[in-house]
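**Q** Predicted model, plus sequence, below.
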Protein chains: 2
Amino acid sequence: MSLRDHKRARTRQALVDAATDLFERQGFEATTIAQVAAEAEIGTRTFFSYFPAKEDLLFPETDQRMRAAVHAIGTRQPDEGPADVLLRALRLVGEDSDDLSGRLAALRLRFIREVPSVRGRALQVQFDTQREIARRLAEAFPEELDEVGAAAMTGAFVGAITAALQVLLEDVDDPGDPAQVQAAVEKAVDRALKPWLIDARR
Amino acid sequence: MSLRDHKRARTRQALVDAATDLFERQGFEATTIAQVAAEAEIGTRTFFSYFPAKEDLLFPETDQRMRAAVHAIGTRQPDEGPADVLLRALRLVGEDSDDLSGRLAALRLRFIREVPSVRGRALQVQFDTQREIARRLAEAFPEELDEVGAAAMTGAFVGAITAALQVLLEDVDDPGDPAQVQAAVEKAVDRALKPWLIDARR
DNA sequence: TGCTGATTTGCAGTGAGTGCAAATAAGCAC
DNA sequence: GTGCTTATTTGCACTCACTGCAAATCAGCA
């Protein structure tokens, strides 16, 4: 990694940190990009060479999660079916939620509920990730799945989990508490996949 | 319906029509709200009392679809299970795609692929609709489903169909052709729900 | 016709995001 | 280190979506 790359990574992290602080203190809408850039000691214009939009500050490591999921699919065990591998991959994606000691994750969750543009961005990220996972899944099981089948299966899993999670999170009294969120995620996976798990048991 | 309401509905439709023309001619991004407003003969400022944002011009009748779906759930037949009712409701939502002689629908499809902000909005609309359907479904089957179960089920169905449809639409050579799109939707539903349909047959 | 409350509109302003060209800094050869 | 090349940073000017506010306009009704 060259000096250039190091510096770039450091600046990027500084931006995320600055944003985390400012978002916590002022909320998402009230924080301007100029403020974030100033706090990270770069010009306002330069911000846009690090993140394409303000919302993306809340999703700084999408590709990292993606790589984890892809890796999970790549290390397919001989006795695993498509559903098993997919479930393993999805669990991995979900677990990474604790990044940055949870502060950013908590903000993300809060703003997904409060700020429409953030919700929209989150759904897009999820959708893209899901699509890529489906592609890899189809590759890993050329006999059992084609592109459409893999997409449908992935969409069903992710859709079920997301929808269940949404309902469960409505009843959480403190969305800032990682333990409660984690419990909700697990319960969502559990409830959402019940039909498949019963099926698999036969 | 009072004169006021009539006029309001007419203006709203004029805005959608104007937008349809301009979007077709110039694309989404290149069309400004000022242009749309001018074409519909209202002030730019007034536009925002009809639509909250530019993207919403592409989703003018969300609540209408919603009502159709809710109605489908309300008219539950004695021999229908949750999955049957849900499937019937979802088919209804999909069929309404032919509104406005298809021009707006074609634009919507095109911009969902091309313009990120439109894709984001579409996903939000879908997500909200899905949530509401789940709520009604849970109400209609208080014995069989709770809120979480209904959400998971709806999320699975919608997620599977959407994901399958996305893949299928990639291979359509002319996305402006309603027949091809319709065929893709049907195939997507078919493929996506195969597991459930097989299950139900037992 | 005249009153009342809702709708429309212009105006001024904020802030996101972009294109461009000049300044700056990194990487590298010597 | 000194220069040269190339990538990055930055300021500037600009467009456009969207909002708050206050004045003007209009529908509905007595």
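**A** Nice, thanks for sending it over. Residues are numbered from 1 along each chain as shown, chains lettered A, B, ... in the order given.
**Q** Please tell me how far the closest residue to A:Val172 other than its chain neighbours sits from DNA strand D.
**A** Distances taken as Cβ to Cβ, 6 or more residues apart in numbering or on different chains place A:Gln180 nearest to A:Val172, at 4.9 Å, with adjacent residues excluded. The way it works is simple: take the backbone N, C-alpha and C, and place the C-beta from them, glycine included. Here A:Gln180 is placed at a distance of 32 Å from DNA strand D (Cβ to the nearest atom of the strand, to the nearest Å).
**Q** ok, A:Gln180 - contacts?
**A** A:Val172, A:Asp173, A:Asp174 (Cβ atoms under 8 Å, 6 or more residues apart in numbering or on different chains).
**Q** Quick one: residues contacting A:Thr162.
**A** Shown in contact with A:Thr162 (Cβ under 8 Å, 6+ apart): A:Gln126, B:Gly155, B:Gly159.
**Q** Mind putting those into a markdown table with pLDDT, neighbour count and secondary structure?
**A** Converted to a markdown table, these look like this (pLDDT from 0 to 100; neighbours: other Cβ atoms under 10 Å in any protein chain shown; DSSP: H, G, I helix; E, B strand; the rest coil):
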| residue | pLDDT | neighbour count | secondary structure |
| --- | --- | --- | --- |
| A:Gln126 | 95 | 17 | helix |
| B:Gly155 | 97 | 29 | helix |
| B:Gly159 | 97 | 28 | helix |
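**Q** closest to A:Lys187 among those?
**A** Distances from A:Lys187 to those, taken as Cβ to Cβ, are shortest for B:Gly155 (14.5 Å).
**Q** Check which helix or strand the residue nearest to that closest one when sequence neighbours are not counted maps to.
**A** Counting by Cβ to Cβ, 6+ apart, the nearest residue to B:Gly155 once its immediate chain neighbours are dropped is A:Ala163, at 2.7 Å. Using DSSP states H and E, A:Ala163 sits in helix A:147-170.
**Q** okay, that helix in PDB with CA atoms only?
**A** Taking C-alpha atoms only, helix A:147-170 is exported to PDB below (Å, rounded to 0.1, in the frame of the first residue of the first chain):
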ATOM      1  CA  GLU A 147     -29.700 -17.100 -12.500                       C
ATOM      2  CA  VAL A 148     -33.400 -16.600 -12.100                       C
ATOM      3  CA  GLY A 149     -33.800 -19.300  -9.500                       C
ATOM      4  CA  ALA A 150     -30.900 -18.100  -7.500                       C
ATOM      5  CA  ALA A 151     -32.200 -14.500  -7.600                       C
ATOM      6  CA  ALA A 152     -35.700 -15.700  -6.500                       C
ATOM      7  CA  MET A 153     -34.300 -17.700  -3.600                       C
ATOM      8  CA  THR A 154     -32.000 -14.900  -2.400                       C
ATOM      9  CA  GLY A 155     -34.800 -12.400  -2.800                       C
ATOM     10  CA  ALA A 156     -37.100 -14.500  -0.800                       C
ATOM     11  CA  PHE A 157     -34.600 -15.000   2.100                       C
ATOM     12  CA  VAL A 158     -33.500 -11.400   2.200                       C
ATOM     13  CA  GLY A 159     -37.100 -10.100   1.800                       C
ATOM     14  CA  ALA A 160     -38.400 -12.300   4.500                       C
ATOM     15  CA  ILE A 161     -35.700 -11.400   7.000                       C
ATOM     16  CA  THR A 162     -35.800  -7.600   6.200                       C
ATOM     17  CA  ALA A 163     -39.600  -7.500   6.600                       C
ATOM     18  CA  ALA A 164     -39.600  -9.500   9.800                       C
ATOM     19  CA  LEU A 165     -36.800  -7.300  11.200                       C
ATOM     20  CA  GLN A 166     -38.700  -4.100  10.400                       C
ATOM     21  CA  VAL A 167     -41.700  -5.200  12.400                       C
ATOM     22  CA  LEU A 168     -39.500  -6.500  15.300                       C
ATOM     23  CA  LEU A 169     -37.500  -3.200  15.400                       C
ATOM     24  CA  GLU A 170     -40.700  -1.300  15.900                       C
END
